[in-house]
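Enquirer: can you look at this prediction? I've put the sequence above it.
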Amino acid sequence: MAISNTHRLLLSVPLFLLISSSCSSSPLLGGPIDDKLRNHTRISDFRVINRRFLANCDDPNPYLALDISTNSPLPNEANVTVTVSGVLDPDESDWIAMISPSKSSAKDCILNGFYYIQTGDLSNLPLLCHYPVKAQHLKNDPSYLGCKKNECRLQGDDDCGVQTCNGSVTFHIVNFRTDVEFVLFTGGFSTPCILKRSDPISFANPSMPLYGHMSSIDSTATSMRLTWVSGDESPQQVQYGNQKFATSNVTTFTQDDMCSGDLASPAKDFGWHNPGYIHSAIMSGLQPSQSYTYRYGSDSVGWSDQVEFRTPPASGSDELHFLTYGDMGKAPLDASAEHYIQPGSLSVIRAMTEDISSGKYDSIFHIGDISYATGFLVEWDYFLSLITPLASHVSYMTAIGNHERDYEGSGSVYITPDSGGECGVAYETYFPMPTSAKDKPWYSIEQASVHFTVISTEHEWTNNSEQYEWIKKDLASVDRGRTPWVIFMGHRPMYSSVSSIPPSTDSRFVKSIEPLLMEYKVDLVLFGHVHNYERTCAIYQKECKAMPKKGKDGIDTYDNNNYTGPVHAIIGMAGFSLDEFPDDAENWSMVRISEFGYVRVHATRQDILAEFVNSNTTEVQDRFRLVKGGTM
């Protein structure tokens with residue numbers, strides 16, 4: 001099914017040869033921009049197909065056909081097999097895209113190549129006005145290239161005069177509300193052209209209430225927020241407990257809410273997908289540390305299954321179990337290429353689901369780089385679907401990261417295009433936290449013996465800024481008799497052994513905020529952003545103020561009866577490709593592990609025990625303890 005060399009040359013004509021020479025002299029077309037942006041966007045071969053010209057192949061094959069395993073409306077989640085038959089010449093460059101909304105075309109998109117420069121690809125023209133959700137090469141079917149599945153189309157006297165080949169690939173689909181089309185291409189991702197399109201397939205219930213996830217609204221644990229997604233803009237209900245119910249508040253966001261600059265962002269242009277409507281309802285009249293059931297939806301659009309959830313312990317109580325990590329994202333549950341795949345996320349989800357199903361854990365804290373949708377909005381639905389086994393059962397608390405917020409001209413501290421134009425809008429809509437106002441994503445909450453201070457490293461934190469003053473006031477207000485432990489959380493770390501360009505740590509942030517950690521005797525600091533696990537000594541201004549000692553059980557133990565400084569842990573190892581450590585490290589770095597995983601924490605009034613769990617083996621690879629008011 002290969003296309004001719006002449007066809008390939010026509011498909012690769014640069015954009016600047018097709019428009020006026022005044023545009024071709026733009027400095028935006030320079031090579032250094034490409035290198036700079038590529039570091040920020042983590043470009044994949046699949047992502048840059050938007051920069052290619054879309055054409056119909058000059059292919060007269062009368063036998064070619066696409067068959068979809070279901071022509072009926074799609075359920076909320078399904079594996080759909082797409083079979084290509086009638087292929088005369090199977091080629092490695094043949095591939096299938098799953099596109100939504102269906103019937104996308106390249107009309108009026110030719111100048112959008114200028115908008116796509118920020119993706120880091122400076123080559124040719126856009127492929128589609130709408131970004132393909134995912135794609136697979138037909139060679140994923142091992143029988144395809146060797147034509148092991150074949151049919152005789154025209155029988156000769158002694159043998160088959162025309163033999164054609166078949167191949168199949170399977171796509172995992174979740175309900176993202178808009179219809180789906182499968183398109184067969186040849187020419188690979190670099191010089192593609194269309195051979196065949198399927199008919200559109202719709203979801204059986206685009207309005208179905210889905211992806212319910214819990215969060216805490218205060219420290220009493222007597223009320224919980226449930227947030228879900230639906231194609232229905234009318235208020236719905238959550239029914240819970242003993243015949244109680246609450247009506248949802250409904251919100252959404254539009255393309256106009258996305259950030260952009262001189263060049264349109266992915267979120268505002270080719271990565272946009274309608275998010276539907278986000279419903280949020282408060283379940284009140286609950287008791288701390290208790291289990292309840294709920295369902296959500298309405299009679300008109302349908303109801304979710306019954307779900308059991310557990311409230312966290314109230315502030316001041318004795319014991320807390322929680323899980324925590326950063327930088328998780330998602331990965332496909334099929335063999336597809338997608339934008340921004342986080343390969344470790346599936347093993348982390350599987351291992352944590354087992355922990356959550358035990359009923360032992362009270363809450364989860366995900367500290368930044370949540371879905372990595374970065375302007376490709378349909379990926380939020382896939383992420384929400386992935387975390388449902390966790391977030392529907394316990395309080396799922398989050399902090400904002402660079403891939404949710406940063407964009408030039410948007411007010412973020414860092415002007416990289418890491419959010420793809422989302423600028424925190426999608427994140428704050430899907431994950432409403434107990435913050436004071438919109439785009440002020442910092443908050444504190446107490447569970448049992450722990451006071452959590454959750455900040456935004458992406459918003460201004462310099463001395464006398466609004467967030468700085470809030471942090472200072474919050475830490476000063478902690479009642480250590482009620483919550484003897486303070487855990488400080490954010491996305492970008494203060495310390496890391498990994499060197500990178502741009503740097504993962506910011507000396508300005510350290511200079512501004514670290515003195516507050518020391519002044520108010522913060523016990524444990526958790527950050528992500530660097531994609532591995534690292535634990536420090538009790539540290540201040542790059543110096544070890546105290547080293548852990550082995551307790552009676554052989555566990556590294558920090559004695560906070562005589563406070564000397566906070567312990568830092570980097571926990572950004574929950575999905576994104578791992579960062580390797582250098583051969584040597586500073587003396588403040590106690591433990592360094594480059595494996596996918598998450599952290600379990602058990603806090604009582606006397607101690608905090610933290611465990612790093614390798615999600616592939618479920619082995620605990622590091623343990624450490626902080627103690628006060630007790631013995632080692």
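Expert: Structure's in. What do you need? Numbering: from 1, shown residues only.
Enquirer: okay, helices next: where are they in the stretch 351-500 of the chain?
Expert: 378-391, 402-405, 425-430, 466-476 (DSSP state H, counting those that start in this stretch).
Enquirer: now find how far off-centre the helix or strand containing residue 171 is within its chain.
Expert: In the assignment (DSSP states H and E), residue 171 maps to strand 160-174. Here strand 160-174 shows a centroid-to-chain-centroid distance of 32 Å under the convention Cα atoms, centre = their mean, to the nearest Å.
Enquirer: how far away is residue 205 from residue 231?
Expert: According to Cβ to Cβ, to the nearest Å, residue 205 stands 8 Å off from residue 231. Yep, even glycine has a C-beta here, placed from its N, CA and C like the rest.
Enquirer: domain parsing for this protein?
Expert: As recorded under the TED database, the domains making up the chain are 44-197, 317-627.
Enquirer: need the residue closest to the centroid of this protein.
Expert: residue 371 (1.2 Å; Cα atoms, centre = their mean).
Enquirer: quick check: pLDDT value at it.
Expert: pLDDT recorded at residue 371 is 97.
Enquirer: leaving out chain neighbours, which residue sits closest to it?
Expert: Counting by Cβ to Cβ, 6 or more residues apart in numbering, residue 371 lies nearest to residue 383, which is 3.6 Å off, once chain neighbours are set aside.
Enquirer: show me where the stretch 501-632 of the chain has helices.
Expert: 507-519.
Enquirer: least reliable of the domains of the chain by average pLDDT, please.
Expert: Minimum mean pLDDT among the domains of the chain: domain 44-197, a mean of 79.
Enquirer: show me how far it is from its chain's centre.
Expert: So, by Cα atoms, centre = their mean, the centroid of domain 44-197 is 26 Å from its chain's centroid.
Enquirer: same thing with stretch 547-558?
Expert: 35 Å.
Enquirer: end to end on it, go ahead and measure it.
Expert: Start-to-end span of stretch 547-558 (Cα to Cα, to the nearest Å) is 7 Å.
Enquirer: again, but for stretch 450-460
Expert: 26 Å.
Enquirer: buried ones in that stretch?
Expert: 450-459 (16 or more other Cβ atoms under 10 Å).
Enquirer: please tabulate the residues you listed in JSON lines and include distance to residue 604 as additional columns.
Expert: Converted to JSON lines, those look like this (distance: Cβ to Cβ, whole Å):
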{"residue": "450", "distance to residue 604": "10"}
{"residue": "451", "distance to residue 604": "15"}
{"residue": "452", "distance to residue 604": "16"}
{"residue": "453", "distance to residue 604": "20"}
{"residue": "454", "distance to residue 604": "22"}
{"residue": "455", "distance to residue 604": "25"}
{"residue": "456", "distance to residue 604": "30"}
{"residue": "457", "distance to residue 604": "29"}
{"residue": "458", "distance to residue 604": "33"}
{"residue": "459", "distance to residue 604": "33"}
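Enquirer: of the residues you listed, which is the nearest to residue 337?
Expert: Nearest to residue 337 out of these is residue 458 (Cβ to Cβ; 28.9 Å).
Enquirer: quick one: that closest one and residue 568, what's the gap?
Expert: 19 Å.
Enquirer: can you list phi and psi of the closest residue to residue 348 other than its chain neighbours for me?
Expert: In this structure, residue 348 finds its nearest non-sequential neighbour in residue 615, 4.4 Å apart by Cβ to Cβ, 6+ apart. Per-residue torsions, residue 615: phi -70, psi -20 (degrees, to the nearest 10).
Enquirer: which residues in the stretch 451-600 of the chain form strands?
Expert: The residue ranges that make up the strands of the stretch 451-600 of the chain, judged by DSSP state E, counting those that start in this stretch, are 485-489, 524-527, 533-540, 543-546, 549-550, 556-559, 567-571, 589-593, 597-603.
Enquirer: in its sheet, what does the shortest one sit against?
Expert: To tie it back to what came earlier, the one meant is strand 549-550. Using DSSP bridges, strand 549-550 pairs in its sheet with strand 556-559 (antiparallel).
Enquirer: can you give the distance of the strand it pairs with from its chain's centre?
Expert: Counting by Cα atoms, centre = their mean, strand 556-559 is centred 34 Å from the centre of its parent chain.
Enquirer: buried set for it?
Expert: Neighbour-count burial for strand 556-559 [16+ other Cβ under 10 Å]: 556-559.
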